[in-house]
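Student: Here is the input, now give the coordinates:
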Amino acid sequence: MSAMGGDRLAGMVAIPGGRFRMGADDGYPEEAPAHLVEVDGFHIDAHAVTNAQFAAFVAATGHVTTAEIPPNPADYPGARPDMLFAGSLVFKKTRGPVDTRDWSQWWELRPQANWRQPYGPGSSIANMDDHPVVQVSHYDATAYAAWAGKALPSEAEWEYAARGGLDGATYAWGDVFRPGGKHMANTWQGKFPHQNLKEDGWEATAPVGSFPPNGHGLFDMIGNVWEWTDDWFQPGHAADAAKACCIPKNPRGPASGTLDPAAPIPQRVLKGGSFLCAPSYCQRYRPAARHAESIDTSTCHIGFRCVVRG
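Tutor: Predicted structure coming up:
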């Protein structure tokens, strides 16, 4: 079933094709090597898909998200039976400083956490129609995109759009994180994960468009919520991509998901960082930054936006 009525390009921004330097050599290891790529022109949503937009999709299709379905034990051999419930990952601030190498200190698999109640029973999205939808897996994002007559962006398309025409800049707006002391994105201020000073005005997600757009007129390409892409993850960009002899055009990730014994569920690439990215812990609020996420995973800080090609 496709989206009803309207122009599917409404609310989208045209991105002209071109070349840019993808990745970074001075960031996290998985961002290297920096290399030139070329992409064709495309349209991309001006902002992440909102709660209101996702609600319209659910109303039209009856879609049930991954977080609302109890996991099949056959898909998770060795998992504890008491952990196989419908729910999702929720962030919880710690009471004080903790070892930031142990993410289990601030993430909790919470029953009945889903897109309608992102933090579990007692939470809701009332009066949050214009916030980005969260608690959506890659399956859910792909289903929405198909209904809307769109697709999820490739990692290259997403990064090219996020850079806003500033090829090689550290951030989507330039090389200074807070130009003139101004917050340009919804990120974490304070000591992660126990102290959030909320200097940017937000504890968690912010309404889309709360911060200045980048050079292409796109909002929240950095911070607010991580965004799904449609590329399978690999730990670093392909070495061949860095060769001077050839500039890859419309590059994509590996042909299939990485079946790493430490990550048995295939992983796609997330981009953009979120409201939980902090200078003291996760400096992934940059276009070059990338993160692996299992395709069945949903959390309170992952959303998505769509593209139309051609």
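
Student: Please count neighbours and contacts with C-alpha atoms only from this point.
Tutor: Fine.

Student: Quick check: next helix or strand after the helix or strand hosting residue 44?
Tutor: Using DSSP states H and E, residue 44 falls within strand 42-45. Counting by DSSP H and E, the next helix or strand C-terminal to strand 42-45 is helix 51-61.

Student: Could I get the CA-only coordinates of that following helix as PDB?
Tutor: C-alpha atoms of helix 51-61 as PDB (Å, rounded to 0.1, in the frame of the first residue of the first chain):
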ATOM      1  CA  ASN A  51       5.800  11.100  15.000                       C
ATOM      2  CA  ALA A  52       2.800  12.500  13.100                       C
ATOM      3  CA  GLN A  53       4.100  11.200   9.800                       C
ATOM      4  CA  PHE A  54       4.800   7.800  11.200                       C
ATOM      5  CA  ALA A  55       1.400   7.700  12.800                       C
ATOM      6  CA  ALA A  56      -0.200   8.400   9.400                       C
ATOM      7  CA  PHE A  57       1.700   5.400   8.000                       C
ATOM      8  CA  VAL A  58       0.600   3.100  10.800                       C
ATOM      9  CA  ALA A  59      -3.000   4.200  10.500                       C
ATOM     10  CA  ALA A  60      -2.900   3.600   6.700                       C
ATOM     11  CA  THR A  61      -1.200   0.200   6.800                       C
END
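
Student: if we look at it, which residues are touching it?
Tutor: 1, 3, 63-64, 125, 128-133, 144, 147 (CA atoms under 8 Å, 6 or more residues apart in numbering).

Student: Output whichever helix or strand comes after it in CSV with nothing but the alpha carbons.
Tutor: Downstream of helix 51-61, the first helix or strand assigned by DSSP H and E is strand 87-91. Output of strand 87-91 as CSV, limited to C-alpha atoms (Å, rounded to 0.1, in the frame of the first residue of the first chain):
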residue,chain,number,x,y,z
GLY,A,87,10.1,-3.8,24.2
SER,A,88,13.1,-1.7,23.3
LEU,A,89,16.2,0.0,24.5
VAL,A,90,15.8,3.1,26.7
PHE,A,91,18.4,5.5,27.9
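
Student: Need the contact partners of the longest strand seen in the chain.
Tutor: In the chain, ranked by residue count with DSSP state E as the criterion, the top strand is strand 226-232. Residues outside strand 226-232 that contact it (CA under 8 Å, 6+ apart): 48, 138, 141, 152-155, 158, 252-258, 266-274, 301-305.

Student: I'd like the average pLDDT over that strand.
Tutor: Averaged across strand 226-232, the pLDDT comes to 98.

Student: And whichever helix or strand comes after it, what does it pack against?
Tutor: Where DSSP H and E defines the elements, the next helix or strand beyond strand 226-232 is strand 267-271. Counting contacts by 3 or more CA pairs under 8 Å, 6 or more residues apart in numbering; DSSP states H and E, strand 267-271 is packed against helix 155-163, strand 226-232, strand 291-294.

Student: Residue 84: which of those is closest?
Tutor: Of all the helices and strands packed on strand 267-271, it is strand 291-294 that lies closest to residue 84, at 16.3 Å by CA to CA.

Student: What's the first helix or strand after the closest one?
Tutor: strand 302-303.

Student: so what strands line up beside that following strand?
Tutor: Partner strands for strand 302-303, per DSSP bridges, with pairing direction: strand 226-232 (parallel).

Student: tilt between the strand it pairs with and helix 155-163?
Tutor: For strand 226-232 against helix 155-163, the angle by axes from the mean of the first three to the mean of the last three CA atoms, to 10 degrees is 150 degrees.

Student: May I have strand 226-232 exported as CSV, CA atoms only?
Tutor: Only the C-alpha atoms of strand 226-232 are listed here, as CSV (Å, rounded to 0.1, in the frame of the first residue of the first chain):
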residue,chain,number,x,y,z
TRP,A,226,20.8,8.9,14.7
GLU,A,227,19.4,8.0,11.3
TRP,A,228,19.3,4.7,9.5
THR,A,229,20.9,4.3,6.1
ASP,A,230,20.5,1.4,3.8
ASP,A,231,24.1,0.4,3.7
TRP,A,232,25.5,-2.7,5.4
